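Visitor: the sequence and its predicted three-dimensional model are supplied below.
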There are 2 protein chains.
Amino acid sequence: MNSLTTTIPDIVIGRLPVYLRALNHMLDEGKLTTSSQELGRRLGISSAQIRKDLSTFGEFGKQGTGYHVSYLVDQLRQILKLTNEWRVAIIGAGHLGHALTYYQGFEHRGFIISWIFDTNPQKIGKKINNLLIQPMEELEETLKREKTKMAILAVPAIVAQAVTDRIVEAGVRSILSYAPINLIVPPYVQVRYSDPVIQMQHMTYYLDKE
Amino acid sequence: MNSLTTTIPDIVIGRLPVYLRALNHMLDEGKLTTSSQELGRRLGISSAQIRKDLSTFGEFGKQGTGYHVSYLVDQLRQILKLTNEWRVAIIGAGHLGHALTYYQGFEHRGFIISWIFDTNPQKIGKKINNLLIQPMEELEETLKREKTKMAILAVPAIVAQAVTDRIVEAGVRSILSYAPINLIVPPYVQVRYSDPVIQMQHMTYYLDKE
DNA sequence: CTAGAATCGTGAAAATTTTCACGTATATCT
DNA sequence: AGATATACGTGAAAATTTTCACGATTCTAG
């Protein structure tokens, strides 16, 4: 354990949610304990890497036995600040915003989709999965009032930067963007991207052309 | 240039689509040339990194001038094997499969969504964005006949591994999975994941809890 | 035509990340 | 109880990735 002076590499943080997800699956399967080797096998990661990653935060395992699954889940949840649920705003009620609103996967994993915004007057006031679509005019006011820290961007690329500027100004600090464009944000704001085309293009490099 | 003996790092390959996307935006803006510095500024990447990445594949720039945007776009497209379009199957016609089918972003970026499959008899035979929903019974036959190499998985986690086994057996070699589970595939098959929760949980680490 | 500025490509250095391998603790089996 | 197997945590080594910094080329302005 040495988190006193060193800052923990972002690449390590990035793996923790993957560990957490696999551990939760193990819990569902009724598994009480596991080892770095077993977890690594499931994830295609070396056991040494898992041990080293976890050891950054503390000593969670026991020699000869391995890790107690639910204890490790608890620890990871604390490290990732998932003990309370984060309220999330979805911006854009198009096909994707729609799909995200229906997505069950946020539940019990730290997030509640709490608002969805759109510009289209036809949509405003209607409900998606019991969530009322709000007009974009109320964006800043709502986000500020509710102290919303996280947003998911599901708007067209052409307006993505403008919307980003607005939500950042309104206090959002973490953005998951589905718009196929690189966003400019202040250093205290995090953005992660999810453009399926980027990932597909990464894979085509390794494919044989016919 | 030294691609003769060395294999190119995957992390470099992964940045190429990002460069390509930004360069295409520049083209849209009517920009004819750019520099590693300008590109880096847009992407939040150092200019040295961009130069080094590109130099892995050839000498695409010119001292004093920089890069000719459309030439570089062409080169990147060739490197990433995007000169012809890849036909892609979407598995699962739920909310997400629906949204992906409507997504315009695949066009002109190397991909054509060509098939969508679902188990639900209510959906089979209906059309999404003019694409006919096929029954899962025809999955293997269609993929084999059409020599489909790429698929997007938009099915529930519980069936994701089984569906993966089927499409791999049918010849699919690259999978973009939206199911929140780690898939086991043979070494000659690539999988990339897109679970919004994983990305959100990565960001919460850096957020202040209130 | 010349001086100065811009910018590439790259070998070397620095930084980061992963893997190795071993001491130590725990559990199991006979 | 003792022997054997399991498996963590970790310092050191290895591998990978990023950054530095400079020679060389090209463009621009006077």
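Guide: Nice, thanks for sending it over.

Visitor: as a check, name the ranges of all strands in chain A.
Guide: The residue ranges that make up the strands of chain A, judged by DSSP state E, are A:33-34, A:61-62, A:66-68, A:86-91, A:111-118, A:127-128, A:131-135, A:150-153, A:174-177, A:190-193.

Visitor: switch those over to JSON lines; also include mean neighbour count.
Guide: The C-beta positions use only the backbone N, C-alpha and C, and glycine is treated the same way. What follows is the strands of chain A, written out as JSON lines (neighbours: other C-beta atoms under 10 Å in any protein chain shown):
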{"stretch": "strand A:33-34", "mean neighbour count": "18"}
{"stretch": "strand A:61-62", "mean neighbour count": "15"}
{"stretch": "strand A:66-68", "mean neighbour count": "19"}
{"stretch": "strand A:86-91", "mean neighbour count": "23"}
{"stretch": "strand A:111-118", "mean neighbour count": "20"}
{"stretch": "strand A:127-128", "mean neighbour count": "16"}
{"stretch": "strand A:131-135", "mean neighbour count": "17"}
{"stretch": "strand A:150-153", "mean neighbour count": "25"}
{"stretch": "strand A:174-177", "mean neighbour count": "24"}
{"stretch": "strand A:190-193", "mean neighbour count": "18"}
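
Visitor: now mean pLDDT and distance to B:Y188 too, for these, in TSV please.
Guide: Shown next, in TSV, are the strands of chain A (pLDDT from 0 to 100; distance: least, C-beta to C-beta, whole Å):
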stretch	mean pLDDT	distance to B:Y188
strand A:33-34	98	28
strand A:61-62	97	34
strand A:66-68	97	32
strand A:86-91	98	37
strand A:111-118	98	36
strand A:127-128	97	40
strand A:131-135	98	43
strand A:150-153	98	34
strand A:174-177	98	31
strand A:190-193	98	28
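
Visitor: ok, which of the ones you listed comes nearest B:I184?
Guide: strand A:33-34 (16.5 Å; C-beta to C-beta).

Visitor: neighbouring strands for the closest one, and are they parallel or not?
Guide: Sheet neighbours of strand A:33-34, with direction, are listed as strand A:66-68 (antiparallel) (DSSP bridges).

Visitor: contact partners of the strand it pairs with?
Guide: Residues from elsewhere that reach strand A:66-68, judged by C-beta atoms under 8 Å, 6 or more residues apart in numbering or on different chains: A:L32, A:T33, A:T34, A:S35, A:S36, A:E38, A:L39, A:L54, A:F60, A:G61, A:K62.

Visitor: recalculate using a threshold of 7 Å.
Guide: If you take C-beta atoms under 7 Å, 6 or more residues apart in numbering or on different chains as the criterion, strand A:66-68 is touched by A:L32, A:T33, A:T34, A:S35, A:F60, A:G61.

Visitor: low-confidence ranges in chain A?
Guide: Flagging of chain A using pLDDT under 70 yields the residue ranges A:1-5.

Visitor: could you list every residue that touches the residue nearest to the spatial centre of it?
Guide: To find the centre residue of chain A, average its C-alpha atoms and take the closest one (C-alpha atoms, centre = their mean): that gives A:L176, at 7.3 Å. For A:L176, the contacting residues are A:I152, A:L153, A:R192, A:S194, B:P196, B:Q199, B:M200, taking C-beta under 7 Å, 6+ apart as the criterion.

Visitor: any idea how far it lies from A:F60?
Guide: 28 Å (C-beta to C-beta, to the nearest Å).

Visitor: around DNA strand C, which positions in chain A sit nearby?
Guide: Chain A has residues A:9-12, A:45-46, A:48-49, A:51-52, A:62-65 near DNA strand C, with proximity defined as C-beta under 7 Å from any atom of the strand.

Visitor: can we see that at 10 Å?
Guide: Applying C-beta under 10 Å from any atom of the strand, we find that chain A lies next to DNA strand C at A:6-15, A:33, A:36, A:40, A:45-53, A:55-56, A:61-66.

Visitor: next step: those restricted to helices.
Guide: Secondary structure from DSSP state H places A:10-15, A:36, A:40, A:47-53, A:55 of the residues of chain A next to DNA strand C in helices.

Visitor: nearest residue to A:I167 in space, please, no chain neighbours.
Guide: The spatial neighbour of A:I167 that comes closest, neighbours along the chain excluded (C-beta to C-beta, 6 or more residues apart in numbering or on different chains), is A:A151 at 5.3 Å.
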